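Asks: Provide a 3D model corresponding to the input given below.
(chains A and B)
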Amino acid sequence: MEPSAAAEEEEEEEMPLTAASGPAGCQLFGYVGIEAVLDQMKIKTMKTGFEFNIMVVGQSGLGKSTMVNTLFKSKVSRKASQPGQEERIPKTVQVQSVTHVIEEKGVKMKLTVTDTPGFGDQINNENCWDPIIKYINEQYERYLREEVLITRKRKIPDTRVHGCVYFVPPTGHWLRPLDLEFMQRLSKIVNVVPVIAKADTLTLEERAEFKQRIQEDLKTHAISVYPQEDFDQDPDDRLLNDRIREKIPFAVVGADQEHQVNGKRVLGRKTKWGIIEVENPAHCEFPLLRDLLIRSHLQDLKDITHNVHYESYRVRRLNESNRAALSPLNGLPGKGEGSSNL
Amino acid sequence: RKSVKKGFEFTLMVVGESGLGKSTLINSLFLTDLYPERIIPGAAEKIERTVQIEASTVEIEERGVKLRLTVVDTPGYGDAINCRDCFKTIISYIDEQFERYLHDESGLNRRHIIDNRVHCCFYFISPFGHGLKPLDVEFMKAIHNKVNIVPVIAKADTLSLKERERLKKRILDEIEEHSIKIYHLPDAESDEDEDFKEQTRLLKASIPFCVVGSNQLIEAKGKKVRGRLYPWGVVEVENPEHNDFLKLRTMLITHMQDLQEVTQDLHYENFRSERLKRGGRLSSYGFVRCLVIFQEKEFVSACSIGLEVQFTLQAR
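Replies: Residues are numbered from 1 along each chain as shown, chains lettered A, B, ... in the order given. Have a look, this model is predicted:
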């Protein structure tokens, strides 16, 4: 660290008297070492690791489990944890979570994948989204209860769903009524990332047309999927997110088998007429999805879940309990010892 | 062979969820464009709709043989969130055709009966599931006594060969489990030649057929073929190694006669005995229904003294 007194001219910085305009920027005339904070954060995160909870929703057979395995390059899905089980369609929608700890270069991630078998598979699919909404709200409730305790845990276990990947079947036409209903309801409480599943069934033109129709559909029904336009913080963000928004929904193909292509081993699907390379951006948009979920926007997903969706749940919940507390019939369950402190 | 001059009539019904490639497949099968002014409806319009029945008729002639082909499409099937009422419209359509034929058959002049009964139903199974969906099972159980069902696995270019085998076996197991009666190809007669016997054996072993449809001409290996162009390769529609399209077409053409016979001898007779047992006013029922449907269409005469009537049905 260099001594700050090395400067010859000692300038007097003027502190603005009014704090209303925010603190003024100061000129540093030497290296202070503020940037070392980043290293400290990194070391801390590496020690504690971080959590990421992802939910996959879609009809059976759309390749959800394979996609999750491909994303995290390991066998993390429900199928893998219960090998040999027959793929029977359950009568009601179930919500099943599987948790794994993945480690890469010393960074530990506690990944929870929540699957929803039975969604959209029945003849009558009315309200099949209810168990899913209930699950998401339960996680918020759990976090809220921990948060309002008088003696809180140092690190509240975060089981809230940070991102929900919704698999749209590649019909090539429009979104189905079920897709619209689901996304309308869920985009209000969780980050929804729609993807076109099994996209190897669409040619490039069909893909472009389908995407355009889906984007129109989303706009017409005012469904705001991740990345939401309202939460862009600065022009840089906006630029980056706009580019992503143009490509939503991503057309993906999942594969967990490796094949030999031009001397390299690649993940892909082998067919009689060619090998579909999953990580080749010319074939499918899987790399974009992976980058969005893991490499560039993972922290953003968590932040929006915490700052926006969780907060709006909290507000709703507190209003409910206030109203109930004022009324003579106080049947609402107590919110823990901290309710009087809110 | 005697009726070559008169020509054949054949009615084919296609049922399946939207986006499974039904229209493309029909166009590929008959090398025509049956839906020239087709607009695909958006989800907003789909929410309110119930299943429609759309019939289109074309006259195809090849080497002197005339075929009057009617394709009955069922848009809206499987689209709604609640599909419980999906089949009602379809079943009542099939019954209506039987009813009309019964009525004509019981009339005075039976020389020019037009046969609009559904001879065959292609049921499109989605390749994305792990087998049959509950909707598939329910629908097939509801119509397997009324029409010949030929299950078809659509958009088969999304499956590798191993996945196809697995899916076919799975579907056949489920069909057996639920006692669904699909159309079975008759065994070849012992006096037919070996090639034909072998072909029939191959066809029987490939049900349900995995098909890919396309009418676009793509350049592949120096020649123009019908297929789909992907960044990783070309899927050729007429290549037996790529999909069972040719087998499906062969089956349809060589067994058209048989499909009609089974419809006549089995399904229609079933319907007829049920109907007559139930009793009721047979002739006026059929007659009045005819009038109601053809209100706005031109027709020569609507009485049961059979005159040849050219009509196309409107969606109701």
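Asks: so when I look at A:E216, I'm seeing a helix, right?
Replies: Yes - assessed by DSSP: H, G, I helix; E, B strand; the rest coil, A:E216 belongs to a helix.
Asks: tell me how many other residues crowd A:N124.
Replies: Per other C-beta atoms under 10 Å in any protein chain shown, the neighbour tally for A:N124 reads 14. All C-beta spots, glycine's among them, are computed from the backbone N, C-alpha and C.
Asks: once you drop chain neighbours, what's closest to whatever residue of the stretch 101-250 of chain A ends up closest to chain B?
Replies: Scanning the stretch 101-250 of chain A for the residue nearest chain B gives A:T171, at 2.2 Å (criterion: C-beta to the nearest C-beta). Closest residue to A:T171 apart from its sequence neighbours, by C-beta to C-beta, 6 or more residues apart in numbering or on different chains: B:G19 at 2.2 Å.
Asks: do the same with B:I60
Replies: B:L67 (4.6 Å).
Asks: OK, contacts around that neighbour?
Replies: Counting by C-beta atoms under 8 Å, 6 or more residues apart in numbering or on different chains, B:L67 touches B:7-10, B:59-61.
Asks: if you set the cut-off to 10 Å instead, what comes out?
Replies: Residues in contact with B:L67 (C-beta atoms under 10 Å, 6 or more residues apart in numbering or on different chains) are B:7-10, B:30, B:58-61, B:253, B:256.
Asks: check B:E261 too.
Replies: B:E261 neighbours (C-beta under 10 Å, 6+ apart): B:119, B:186, B:255.
Asks: starting at the chain centroid, how far to stretch A:25-35?
Replies: Taking C-alpha atoms, centre = their mean, to the nearest Å, one finds the center of stretch A:25-35 at 36 Å from the center of the full chain.
Asks: look up phi and psi at the nearest residue to A:S224 once chain neighbours are set aside.
Replies: In space, and not counting its chain neighbours, A:S224 is closest to A:S187: 5.6 Å by C-beta to C-beta, 6+ apart. The phi and psi torsions at A:S187 (degrees, to the nearest 10) take the values phi -70, psi -10.
Asks: doesn't A:D230 make contact with A:S187?
Replies: No - taking contacts as C-beta atoms under 10 Å, A:S187 lies outside contact range of A:D230: 11.6 Å.
Asks: any common contacting residues for these two?
Replies: Taking C-beta under 10 Å, 6+ apart as the contact rule, A:S187 and A:D230 both touch A:S224.
Asks: between those two, which has more neighbouring residues?
Replies: Using other C-beta under 10 Å as the criterion, A:S187 and A:D230 rank with A:S187 on top: 22 against 7.
Asks: so who does the more buried one touch?
Replies: Per C-beta under 10 Å, 6+ apart, neighbours of A:S187: A:164, A:166, A:194, A:218, A:221-226, A:228, A:309.
Asks: likewise A:I214?
Replies: Here A:I214 is in contact with A:168, A:173-175, A:179, A:194, A:196, A:225, A:248-249, B:43 (C-beta under 10 Å, 6+ apart).
Asks: ok, 7 Å please
Replies: A:175, A:249 (C-beta atoms under 7 Å, 6 or more residues apart in numbering or on different chains).
Asks: and A:V308, by the same measure?
Replies: Residues near A:V308 by C-beta under 7 Å, 6+ apart: A:F231.
Asks: having no further points to raise, I will conclude here.
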